[in-house]
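Undergrad: quick one, structure for this:
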Amino acid sequence: MEGKFGVLEKIMSKDLVKNLRIKEYHRGEFLLTIDEHKIVYILEGTVYAVRYHGEKKIINPYFFNKNQFIGVNMYLQKDIRDWEMVAASKTVRAVVLDEKLLEGHLLNDAKILRFILERGAGAIRRGMRGFFIRSHGGAKVFFAFLLISNSVNGKMYFLKYGDIADVLNVGKSMLYKLTGELTEEGCIKKEKNYITILDEEKLMKYYEEYQY
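TA: Here you go, the predicted model:
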C-alpha cells in the first residue's frame with residue numbers, strides 16, 4: 001500500500017521524505033512553466049503539456065497521470081524549454097521537487113535515478129508507438145489509442161473538449177463525428193470534463209494490428 005507521497009516513499013530516504021510537501025492544483029492551473037527549473041511528481045490527477053506556436057496552441061498527445069514525473073526532460077536539457085504543464089482534471093495533487101533537492105540528492109542516487117529513467121523510457125516508447133499508430137491508422141484509430149493510453153480508472157480527462165481535436169490534428173466537426181461513432185458503438189460516453197470508456201476491449205481492437 002502506497003503512503004502519502006506514493007512511490008517516492010519507497011525510493012527516497014526517510015530524511016528526504018520528511019521534507020516533501022504536497023501541492024494542490026485545479027483545472028487550468030499551470031504546474032510547470034518554461035521559466036521554472038523543477039520536476040513535479042504526480043500523486044493524483046491528469047496533466048498535459050502545451051506550447052504555443054504563434055497563436056496556435058499545441059498539446060502533447062500523451063498526458064501525464066499518477067506516479068509519473070513531469071519536467072524531467074526540461075530540467076536535464078536546460079536550453080530546450082518550450083513545454084508548459086497544465087492541470088486537466090478537476091484536481092491535481094503533486095510533489096514539487098526543487099533544484100536544490102534534485103542536484104543534491106535525487107540525481108546522485110542510483111535507485112531514484114533508475115526510477116526516473118524507467119518512467120521516462122515508458123513515455124518515450126508510448127510516444128513512438130502513438131506516432132506509428134497515428135501515421136498508419138488514421139484519426140479514429142489514433143483516438144482509440146489516446147483514450148486507452150491516457151485514461152485513469154476508465155476516464156480520460158481534458159481541459160477543453162476542443163483540445164482533443166488539436167491532439168488528433170482534426171477539425172472540431174471531425175472530433176464530434178468520431179466521438180459520435182464511438183458512442184454509438186458503445187465504446188465511450190462523453191461527460192463534461194472527461195470521456196468514460198465503456199468497452200476497453202472494443203477500443204483496443206481498433207489499433208491492435210498496429211502493435212509492435
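Undergrad: any idea how far Asn67 is from Leu8?
TA: 9 Å (C-beta to C-beta, to the nearest Å). Placement of C-beta: from N, CA and C, glycine included.
Undergrad: that should have said Ser89, apologies.
TA: Distance from Ser89 to Asn67, by C-beta to C-beta: 15 Å.
Undergrad: and Ile164, by the same measure?
TA: Counting by C-beta to C-beta, the gap from Ile164 to Asn67 is 24 Å.
Undergrad: which residue of these two possesses the greater neighbour count?
TA: For Ile164 versus Asn67, the count of surrounding residues by other C-beta atoms under 10 Å is larger for Ile164: 24 against 15.
Undergrad: quickly find the element holding the more buried one.
TA: helix 161-168 (DSSP states H and E).
Undergrad: show me where this protein dips below the pLDDT cut-off.
TA: Along the chain, the parts satisfying pLDDT under 70 run over 1-2, 78-80, 106-107, 119-124, 127, 130, 135, 211-212.
Undergrad: show me where it has helices.
TA: Here the chain has its helices, by DSSP state H, at 8-11, 14-18, 72-76, 99-104, 110-137, 139-149, 161-168, 172-184, 200-207.
Undergrad: can I get these in a markdown table with distance to Lys192?
TA: Shown next, in a markdown table, are the helices of the chain (distance: least, C-beta to C-beta, whole Å):
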| stretch | distance to Lys192 |
| --- | --- |
| helix 8-11 | 32 |
| helix 14-18 | 37 |
| helix 72-76 | 31 |
| helix 99-104 | 37 |
| helix 110-137 | 26 |
| helix 139-149 | 17 |
| helix 161-168 | 9 |
| helix 172-184 | 14 |
| helix 200-207 | 21 |
